[in-house]
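Participant: got a predicted structure here, sequence first:
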Amino acid sequence: MPSAEHQSLTRLLTEARGAFAAALALVGIELCGELEIRPGPDAVRDGGPSDLLPDGTLIAHRRDGEAEEAFVVDVQLRRDPSKPDTWVVYVSITRRRLRCPTTLVVVTPYQGVANWAAQPIEIGRGASLAAVVIGPRQIPPEVSLERAREVPTLATLAVVAHGRGPHAEHVGRVAIETIRYMLARNDDHTRYHADVVYAFLDDDVRRKLETEMEARIEGPPYSSYLRRLEAEGWERGQAEGWRRGQAEGQVRGQAIMLVHLIDGRGLRATEPQRARMLSCTDERLLQHWFDRAITASSVDEILAP
């Protein structure tokens, strides 16, 4: 089973809005056209064995809908002698399936792994495959809060690359403040960034910053940091952001934020209760539940008639 580090970083790069484009920009690759994110299995399933699938496949499309370029993304946390052969298969299958230029992108928090992954893979006479590697040398530790608010991925990747070294406190503080900023704006991709920060930031540094910011964490590690920040943010007045979200019929988003608030407060919702909240289309009822959720001691109390 993938580690929390591997899983959270993969999800950030393949699912969070603008994250992969920001990562490519660090190595001088500027994407033209619109980047469409497709999970690796769906993108290449028809082209090869299901056990030879990358962490993600991202495709840059032209305006006419044709694929201009594909990127096979692989998060690598250690050296693996079998991986180079697998990478060749990843790229070959994806190129065959999508019929467009395909680039291998390896992302790692460790410089030793980055050096290893950057070595060309000899395929045969005159043929080789070289990955685009994004590691600590490509990810700067010095990111201002202003810049991080514009491109949150820069702060998050800085934690990936430098969150357990001498720059840990600086990158951690900027990343956490950026997460708070995203929460205040009701950014629905905040969770991806928070999961990565929690997974990669040094525990002692994280605890120090939590104490400074009065954001204690309890419960299981995965996403618990964000849930605490969400709860704290809502309790400090994020209800106004919720009310703004009612406009234009964004009922689904309201229901999701209600569930996040309940999780953040540490209340336990059963699967039927979650299904009831997520399927609700009554804006007034959702608002009523949300107001109750701020102070209620149980989910039963929130959903009571």
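Facilitator: Nice, thanks for sending it over.
Participant: for stretch 12-25, give the mean pLDDT please.
Facilitator: Stretch 12-25 shows a mean pLDDT of 92.
Participant: what about that stretch, start to end distance?
Facilitator: End-to-end distance for stretch 12-25, by C-alpha to C-alpha, to the nearest Å: 15 Å.
Participant: contact partners of it?
Facilitator: With contacts defined as C-beta atoms under 8 Å, 6 or more residues apart in numbering, stretch 12-25 is touched by 30-31, 35, 37, 39-40, 55-56, 58, 71, 73, 75, 105, 107, 132, 134, 151, 153-154, 156-157, 189, 192-193, 195-196. Any C-beta I mention is one placed from the backbone N, CA and C, and that applies to glycine too.
Participant: buried set for the helix or strand where Ile93 lies?
Facilitator: Using DSSP states H and E, Ile93 sits in helix 83-98. For helix 83-98, a neighbour-count test (16 or more other C-beta atoms under 10 Å) marks 83-84, 87-95, 97-98 as buried.
Participant: export that helix to CSV, keeping only CA atoms.
Facilitator: What follows is helix 83-98 as a C-alpha-only set of coordinates in CSV (Å, rounded to 0.1, in the frame of the first residue of the first chain):
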residue,chain,number,x,y,z
LYS,A,83,11.9,1.1,-12.1
PRO,A,84,13.9,2.2,-15.2
ASP,A,85,12.5,-0.7,-17.2
THR,A,86,9.0,0.0,-15.9
TRP,A,87,9.4,3.7,-16.9
VAL,A,88,10.2,2.7,-20.4
VAL,A,89,6.9,0.7,-20.5
TYR,A,90,5.0,3.5,-18.9
VAL,A,91,6.1,5.9,-21.7
SER,A,92,5.7,3.4,-24.5
ILE,A,93,2.2,2.4,-23.5
THR,A,94,1.0,6.0,-23.0
ARG,A,95,2.5,7.2,-26.3
ARG,A,96,0.8,4.2,-28.1
ARG,A,97,-2.5,4.9,-26.4
LEU,A,98,-2.6,8.7,-26.9
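Participant: now do the nearest residue to Trp87 once chain neighbours are set aside, the pLDDT please.
Facilitator: Of all residues not flanking Trp87 in the chain, Leu104 sits nearest, at 5.5 Å (C-beta to C-beta, 6 or more residues apart in numbering). For Leu104, the pLDDT comes out at 97.
Participant: check the one 3 residues further on too.
Facilitator: As summarised for this prediction, Val107 has a pLDDT of 98.
Participant: give the contact list for it.
Facilitator: By C-beta under 8 Å, 6+ apart, the residues touching Val107 are 9, 13, 23, 73-76, 133-135, 160.
Participant: and Arg292, by the same measure?
Facilitator: 301-302 are the contacts of Arg292 under C-beta under 8 Å, 6+ apart.
Participant: rerun at 10 Å
Facilitator: 258, 299, 301-304 (C-beta atoms under 10 Å, 6 or more residues apart in numbering).
Participant: name the strands paired with the strand ranked longest in the chain and say parallel or antiparallel.
Facilitator: When the chain is parsed with DSSP state E, its longest strand is strand 67-75. Strand pairing for strand 67-75, determined by DSSP bridges: strand 56-61 (antiparallel), strand 102-107 (parallel).
Participant: measure how that strand sits relative to helix 83-98, angle-wise.
Facilitator: Interaxial angle of strand 67-75 relative to helix 83-98 (axes from the mean of the first three to the mean of the last three C-alpha atoms, to 10 degrees): 150 degrees.
Participant: how far out from the middle of the chain is strand 67-75?
Facilitator: Distance of strand 67-75 from its chain centroid, counting by C-alpha atoms, centre = their mean, to the nearest Å, is 17 Å.
Participant: name the residues of that strand that are buried.
Facilitator: Across strand 67-75, burial judged by 16+ other C-beta under 10 Å covers 67-75.
Participant: endpoints of stretch 136-152, how far apart?
Facilitator: Stretch 136-152: ends 17 Å apart by C-alpha to C-alpha.
Participant: quick check: mean pLDDT of that stretch?
Facilitator: Per-residue scores along stretch 136-152 average to 96.
Participant: buried residues in it?
Facilitator: 136, 138-139, 141, 143, 148-149, 151-152.
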